[in-house]
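Trainee: The amino acid sequence is not available; the structure is as follows:
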């Protein structure tokens, strides 16, 4: 295939990449803070809150993301009485599904980060006269973030690849345009081009997190 052909099929796929990038940004910006809140809920001394948080995490991690997306996009509108009010824009519905799913995964990552902190850190903070808020913000959270950063990076790369599931709920993205070109031109070249685009995005993200790991390691 000629370079002109590759350029011609790359243009719509790059347009589709905008949906991929937007979904990634929305999901990562919202689900990371929510994941931390969910971690606090799991560790809550109020039993009903802790139980609900554990149940939420179990359900979201125990069922396929694709199933969750299909339920939100096509299942919610079928609920009797309230279904007509649950019809969402496909991209909005997909964003909601990704946020709910990745919140559970980030919650487990942050929980693991907190559990990895030595109890002596809490005792040392008390000896230094730090109150609970100061201990949490100045001692515990910075260490938790450094511990959890590699796992957060790995989950973020997975998120980029999972955005291909937009194809299943009819949101035009990279894979949608690649499949259209394959069906039209009877060649697998568009799949390779799509793969290269995903590799470039994940490479940029990987380099960003590597830089963050080096920065926080030496600070």
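Mentor: That came through, no problem. It should be emphasised that the depicted structure is a prediction, and the values quoted were computed from it without experimental measurement.
Trainee: what about residue 205, how many neighbours?
Mentor: By other CB atoms under 10 Å, 17 other residues sit near residue 205. For glycine as for every other residue, the C-beta is placed from the backbone atoms N, C-alpha and C.
Trainee: who does the helix or strand hosting it touch, helix- and strand-wise?
Mentor: Using DSSP states H and E, residue 205 maps to helix 189-218. Under the contact criterion of 3 or more CB pairs under 8 Å, 6 or more residues apart in numbering; DSSP states H and E, helix 189-218 touches helix 3-42, helix 141-162, helix 174-185.
Trainee: Nearest to residue 110, out of those helices?
Mentor: Nearest to residue 110, of all the helices and strands packed on helix 189-218, is helix 3-42, at 4.2 Å by CB to CB.
Trainee: Past that closest one, which element shows up next along the chain?
Mentor: Next helix or strand after helix 3-42 toward the C-terminus (DSSP H and E): helix 47-62.
Trainee: Other residues contacting that next one?
Mentor: By CB atoms under 8 Å, 6 or more residues apart in numbering, the surrounding residues in contact with helix 47-62 are 38, 41-44, 68, 100-101, 103-105, 107-108.
Trainee: please redo it, this time with the cut-off set to 10 Å
Mentor: 35, 37-44, 46, 68, 97, 100-105, 107-108, 111 (CB atoms under 10 Å, 6 or more residues apart in numbering).
Trainee: Selecting buried members of those in ChimeraX, what would you type?
Mentor: Per 16 or more other CB atoms under 10 Å, the buried members of the contacts of helix 47-62 correspond to this ChimeraX selection:
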select :35,38,39,40,41,42,68,97,100,101,102,103,104,105,107,108,111
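Trainee: Report the buried residues of the helix holding residue 205.
Mentor: Neighbour-count burial for helix 189-218, counted by 16+ other CB under 10 Å, picks out 190, 193-194, 197-198, 201-202, 205, 209, 212.
Trainee: And for stretch 123-132?
Mentor: 125, 130.
Trainee: pLDDT (mean, whole number) over it?
Mentor: The pLDDT scores in stretch 123-132 average 75.
Trainee: now swap in stretch 100-110 and tell me
Mentor: 96.
Trainee: Same check on stretch 17-35?
Mentor: The average pLDDT for stretch 17-35 rounds to 94.
Trainee: How far does that stretch sit from its chain's centre?
Mentor: Relative to the centre of its chain, stretch 17-35 is centred 6 Å away, using CA atoms, centre = their mean, to the nearest Å.
Trainee: Next: stretch 133-145.
Mentor: With CA atoms, centre = their mean, you get 23 Å for stretch 133-145.
Trainee: Show me the shaky parts of this protein.
Mentor: For the chain, applying pLDDT under 70 flags the ranges 1, 217-219.
Trainee: List phi and psi for the most far-flung residue of it relative to its centre.
Mentor: Most distant from the centre of the chain: residue 127, at 38.5 Å, with distances by CA atoms, centre = their mean. Note on residue 127: its backbone torsions stand at phi -60, psi -40 [degrees, to the nearest 10].
Trainee: Ok, residue 45 next?
Mentor: The phi/psi pair for residue 45 (degrees, to the nearest 10) is phi -80, psi -10.
Trainee: What angle do helix 141-162 and the helix holding residue 205 make with each other?
Mentor: Angle of helix 189-218 versus helix 141-162, following axes from the mean of the first three to the mean of the last three CA atoms, to 10 degrees, is 180 degrees.
Trainee: Identify the residues contacting the nearest residue to residue 182 once chain neighbours are set aside.
Mentor: Excluding the flanking residues, the one nearest residue 182 by CB to CB, 6 or more residues apart in numbering is residue 190, at 5.1 Å. If a contact means CB under 10 Å, 6+ apart, then residue 190 has 1, 5-6, 9-10, 12-13, 174-175, 177-184 as its contacts.
Trainee: Alright, I will stop here.
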